[in-house]
Structures are given as C-alpha cells and as structure tokens.
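[1] any chance you could fold what I've pasted below:
(chains A and B)
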Amino acid sequence: MSTVTWITARGLFGRRRFLLLLPLPLVLLGLAVLCRSLGVDPGEWGPPVLVGLGLAVVLPVVALIIGTGVLGAEIDDGTVVHILTKPLPRWQIVLPKLAVAAGVSAATVAVPLYVAGVLADSVRLGLALAVAAALGALAYSALFLALSLVTRRPVLLGLVYVLIWEGLLGNFVSGTKVLSIQQYVIALADRIAPTGLLETSVSVPVASVMTALVSVGFTVLAIDRLRSFSVAGETS
Amino acid sequence: MSTLSLTGVSRWYGNVVAVNDISMALGPGVTGLLGPNGAGKTTLLHMMAGFLAPSRGTVTLDDEPTWRNPDVYRRLGLVSEREAVQGFLTAYEFVLASAKLHRLPDPAAAARRAIDLVELESAQDRRIGTYSKGMRQRARVAAALVHDPQVLLLDEPFNGMDPRQRLHMMQLLHTLGDAGRTILFSSHILEEVEQVSGTVQVMVAGRLAASGDFRTIRRLMTNRPHVFAVRSTDDRALAVALIAEASVSGVELDPTGLTVRAGDYGAFTRALPRIALNKGIRVRQLVPSDESLESVFSYLVEA
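    Next up is the predicted model:
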C-alpha cells in the first residue's frame, strides 16, 4: 500500500465524520429486510427503496462524504501541505486518494444494495446493483474529489448537484438526466439485470461513455488543480 | 549548496498588493525574514516554497522555478506557520511517512535521525494530538528535515515554544546554517532574529525595507531618538531639569504630561531617576511610546 493511501485511509477512518456513513446503508438494509419479511410485493417497494433511497440518496451522499473528505479535509486543516511538499508527481497523490474514496464508497454502498437486490428480485439484480453502484461510486468520487480542489465549499456544491440537479430537476427536465450519474447507474444496472424495477431514459451506451468521461475528466481536472494548488496566507 | 533567487517578485490579491517588487538571493547560512504582522512574509515564503504563483517576477531554486515543480522538494523543506499535523499519527509514524514519500533509501533510519535532531525521541511513540505546541512544531521540523534538504524555509518557527525549546531550535538552525544549508525563517520578533542570524531581510508593507547584516540595520534603528511618555508630580519642573541633560534631545509639555525624546536610551533611563530624586519630583509613569516593531520599521522605510 502506498504511503498516500495509508495516510488517506487513516485520516478517513480516524475522523468522526466517518460514522456518518453508517446509518444510511443500515436504513436501506433495514427497509429491504422489513418489506421482504412483511411480504410486500417487490414491484411496490423495489423502486422506492432500491432507486429512491439506494441509488438516489445513499450512493451519492456516501460518496459525497468520502469523496470530499479524502483531500478536502486535509485542505481544510492544512495537513495537505505535508503531502504537497514531497517530490511526487501530483497524479501520485490524486490517484491513491481517488482509489480510497471510490473503494470505501463502493464497499459501503454495494453490500446493502446487493442484499436489497437479492431480496427484491434475484442474485442477478443484487450483483447488477452492486457492480453499477461501484462504477457510480468511482464517477461520484472523481467528481467530489475534483470539487474539493475547485471550491472552498465542496460539500455544499456536491449536495446541490445531488439534491437539486439529480433529485429535483431530473424529474421535471428530462434533458438533465444525460448529465446525471444516478441515471447512468440505473441504466447500467438495468442492462446487467433487466427487471421491471429500474427505469431510466438514458441509453446504455450513453451511460457507459458518460461514466467513463466523468471519472477520467474530473480526475484529470483534480490532478491539474493540485499542480497549481495555492496556500492562502494565515496572517489575518 | 543551493541558492534561492527572487527577481522582481510581486503578488497581489485583487487590489491589495501583498508583496511588492522584491528581489533577493539567499545562499548558505541562516537568514531572518523580519517584518511586522501583515508585511507579506508568509506570502513571500509561500511563493518561495512553490505554494503560490508570483503575480509578476520569478522565484527559482538553482535556476528551476518553484511553482508547479514538485521536484524542487527534493532540495527544499518547508515548515509552515499553520500548526497542522495529522494528530492521529505518532511523531515517528509522521516523520517516517514523510521519509517514505520522499522515497528515501532507508526511511526508518532517516526518520530516527530527524527525530534525534529535534530531540523528540522520548515522545516519538505518542500520538501527535497529545503534544504541546512546541513539541508539535518540532515534529513538523523533523518531517521537513527528514530528507536533509539544502534549503529549509520556516514560517514563524518560534511561535508557541518555551524558552528552552526556542534556544534548542536556534542552535539547530545555527548548526544547519554552518553546515552549508540555506535557512530562511520569518519572525515578527526582533530579538529572535537577532539571536539566530546575522543576515536579515526586513519587510514592511510588502516591500523589502532593508537587507543585510543585522548589526548595521540595528545601528540605523538606534540613530533615531527614543520617545517616552512621562507623567510626574511636577511636569514643568521635570521638563526644565531634563532639557539640561545631554541624552535628552527634546521635551514637549502638554496637559497629559511630558513627551521626551532621548538620543541615548540607556543614558536617559539611568538619568531620569537621579534627576527626579534630586528635584524631589515623583515620577508616576514612564512609558516608551514607540517601542513597537512597526514604528521601528516605519522609521526604516523613511530612512
């Protein structure tokens, strides 16, 4: 494990805000188990729990907390200077951090989604949700990591993207769905395991290409921004 | 041996000019960067360390720019003013991580050597979060020294240190300077700089106000009269007696008391009690009214 990965992981798990990650996946898991045990028709609880909660809330919010944390927290408290004063090409800082963010987000979200998918339909749906969520976690992490270098308020902007752009506008202006990671995840999961539970207007090729574009594009942006990272004076 | 060169460096934020057309070359030895708070010291240090792009001019380390060039950190170490450390790591882990990030051939040995250098061995296995401010500062210095850089930049390194730690840090900087390293540290406290380094760069309001040997600059500063505010039981009688004194160059009398200008600080402060005693006047207040560094600097700028 590289030193950057090690410091990032320790920083992530050492902060209290990491505990914020636990309730959301647990709620998702609890709801799925509850619906299944009460014998509710999966056609009724599947879409709101899997998509409405799992893909629209748990995945982006978990990725937001982690993605803005891996570098953003270090920028906030100034410890980023320790890593930046090393003769490392900046991609060697961004990529390990992105790997930690995407990996932890994917693990946190994919497991409950897998279980919920199995309970709703089949193992195949469970796996489809887990794989699509992992890809989504990568795209979201790249976006939020880049945000933490572009703005001083990455969490706020990230929330605006998740809640307003993906959550609200997506319902009224269908065109916005083309720029919505959530829709890519739904399209990919539905492609891997076609069921009546997942619905989206975005086509699979668009979803695949856009997921790759978002992941790579924002990673490149983050590397470039880190190269020109400025430290503001602390005199005042 | 490395040389850090600044050529016509300016940095502005919108309409505010933080650093104004500074040129200097720093070679081996210890140099103090002196200036009142807000003079632009930190901005200048950040540009030297490659953490800020100059708005105009160039900053180079051995002819390589420091901005957008992570390779300079092979030869450059920075201890920033902001007291930021990963509190969840022990000092040893923290310094070791630095050594590994530098890809040193034997990181463990380098980490131990650096911790030795700042005398932190006894506490090296405690979490940095439990350290005092001075210890934290030393841990940061150890991390900055782990790759034995040719150039070390320190922003206000003595902040929060007790006198013993201060002395130790000063000795450390001396040792490094004598060994041919280029050391630059900033401070707003005159005495700190005086004790550590012979050469100083004085910044005032973003400009380089003076540069060179400390003693020369100090002499410049003592040329100017010292101003004291004095209050006594009989200001007028005291004024008459004081003006006869050789060390006093002027006395002003106003309703709130006396303003005394003295050419020689020591002679005046020794003479005043004697005069007051002889005349039977009781001195109620004696306050040096322009002792602040800022006024010393403004004098330098005007000079």
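
[2] which residues of the stretch 51-200 of chain B lie near chain A?
    Residues of the stretch 51-200 of chain B found near chain A (CB under 8 Å from any CB of the partner chain) are B:51-53, B:67-68, B:70-74, B:76-78, B:80-82, B:84-86, B:88-89, B:97-98, B:100-103, B:143-144. Quick note: C-beta positions are derived from backbone N, CA and C, even for glycine.

[3] inside strands: which ones of those residues?
    B:76-78 (DSSP state E).

[4] dump those into CSV; add pLDDT as well.
    What follows is those, written out as CSV (pLDDT from 0 to 100):
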residue, pLDDT
B:Leu76, 96
B:Gly77, 95
B:Leu78, 95
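
[5] most proximal residue of the stretch 151-300 of chain B with respect to chain A?
    Proximity to chain A, evaluated over the stretch 151-300 of chain B using CB to the nearest CB, is greatest for B:Asp155 at 8.5 Å.

[6] contacts only, for the closest residue to that residue other than its chain neighbours.
    Sequence neighbours aside, B:Glu81 is the residue nearest to B:Asp155 in space, at 3.8 Å (criterion: CB to CB, 6 or more residues apart in numbering or on different chains). Taking CB atoms under 8 Å, 6 or more residues apart in numbering or on different chains, we find B:Glu81 in contact with A:234, B:42, B:155-156, B:159, B:186.

[7] now swap in B:Leu173 and tell me
    B:Leu173 makes contacts with B:30, B:154, B:157, B:183, B:185, B:196-197, as judged by CB under 8 Å, 6+ apart.

[8] burial measure for the residue of the stretch 151-300 of chain B closest to chain A, as a count.
    As a burial measure, the neighbour count of B:Asp155 was computed by other CB atoms under 10 Å in any protein chain shown and equals 24.

[9] thinking it is in contact with B:Thr42, fair?
    Yes. B:Asp155 is within contact range of B:Thr42, at 5.7 Å (criterion: CB atoms under 8 Å).

[10] so what sits against both of these two?
    Common contacts of B:Asp155 and B:Thr42, defined by CB under 8 Å, 6+ apart, comprise B:81, B:186.

[11] what's the closest non-adjacent residue to the residue of the stretch 101-250 of chain B found nearest chain A?
    Taking CB to the nearest CB as the measure, the stretch 101-250 of chain B has B:Leu101 as its residue closest to chain A, at 4.1 Å. Leaving out its chain neighbours, the residue that sits closest to B:Leu101 by CB to CB, 6+ apart is A:Lys86, at 4.1 Å.

[12] likewise B:Ala53?
    B:Trp67 (5.0 Å).

[13] the one you found reaches B:Ala49, doesn't it?
    No. Taking contacts as CB under 8 Å, B:Trp67 lies outside contact range of B:Ala49: 9.7 Å.

[14] and these two? which has more neighbours close in?
    Neighbours around B:Trp67 and B:Ala49, counted as other CB under 10 Å, are more numerous at B:Ala49. The numbers are 28 against 18.

[15] which residue, neighbours along the chain excluded, lies closest to that one?
    Nearest in space to B:Ala49, with sequence neighbours left out and distances taken as CB to CB, 6+ apart, is B:Leu78 at 4.4 Å.

[16] tell me who's in contact with the residue in the stretch 1-150 of chain B that chain A sits nearest to.
    Among residues of the stretch 1-150 of chain B, the one nearest chain A by CB to the nearest CB turns out to be B:Ala84. It sits 3.2 Å away. The contact partners of B:Ala84, by CB under 8 Å, 6+ apart, come to A:77-79, A:81-82.

[17] which parts of the stretch 101-250 of chain B are helices?
    Along the stretch 101-250 of chain B, the stretches classed as helices by DSSP state H, counting those that start in this stretch are B:107-117, B:133-145, B:163-178, B:190-196, B:214-222, B:235-243.

[18] for chain B, what are the nearby residues on chain A?
    When proximity is defined by CB under 8 Å from any CB, chain A lies next to chain B at A:3-4, A:6-7, A:10-11, A:14, A:77-79, A:81-90, A:227-231, A:233-236.

[19] hmm, back to that, any of the contacts of B:Glu81 buried? List them.
    Listed as buried from those are B:42, B:155-156, B:159, B:186; burial here means 16 or more other CB atoms under 10 Å in any protein chain shown.

[20] now, the residues you listed that are in strands?
    For the buried ones among the contacts of B:Glu81, membership in strands holds for B:155, B:186, with DSSP E as the criterion.

[21] quick one: which two of the buried ones among the contacts of B:Glu81 are the most distant?
    By the measure CB to CB, B:Thr42 and B:Asn159 form the most distant pair in the buried ones among the contacts of B:Glu81, at 12.0 Å.

[22] packing partners of the longest helix seen in chain A?
    Once chain A is assigned using DSSP state H, the helix that runs over the most residues is helix A:91-120. If you count contacts as 3 or more CB pairs under 8 Å, 6 or more residues apart in numbering or on different chains; DSSP states H and E, helix A:91-120 packs onto helix A:3-14, helix A:23-38, helix A:42-46, helix A:59-70, helix A:123-150, helix A:204-227.

[23] what residue ranges in the stretch 151-300 of chain B score low on pLDDT?
    B:215-224, B:290-300 (pLDDT under 70).

[24] hang on, the earlier thing: need the contacts of B:Leu173 in TSV (columns: neighbour count and distance to A:Leu26).
    As requested, the contacts of B:Leu173 are exported to TSV (neighbours: other CB atoms under 10 Å in any protein chain shown; distance: CB to CB, whole Å):
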residue	neighbour count	distance to A:Leu26
B:Val30	24	57
B:Leu154	24	48
B:Pro157	27	47
B:Ile183	27	54
B:Phe185	26	51
B:Val196	25	57
B:Ser197	25	59
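
[25] distance of B:Val251 from A:Trp6?
    In this structure, B:Val251 and A:Trp6 are separated by 69 Å, where distance is defined by CB to CB, to the nearest Å.

[26] which one of the contacts of B:Leu173 sits closest to A:Gln183?
    Compare each of the contacts of B:Leu173 with A:Gln183 using CB to CB and the shortest gap goes to B:Leu154, at 51.5 Å.

[27] lowest-confidence helix or strand of chain A?
    Considering only helices and strands, the least confidently modelled element of chain A by mean pLDDT, DSSP states H and E is helix A:170-172, at a mean of 82.

[28] other SSEs contacting the next helix or strand after that one?
    Using DSSP states H and E, the helix or strand that directly follows helix A:170-172 along the chain is helix A:181-192. For helix A:181-192, the contact count by 3+ CB pairs under 8 Å, 6+ apart identifies helix A:59-70, helix A:123-150, helix A:204-227 as packing neighbours.
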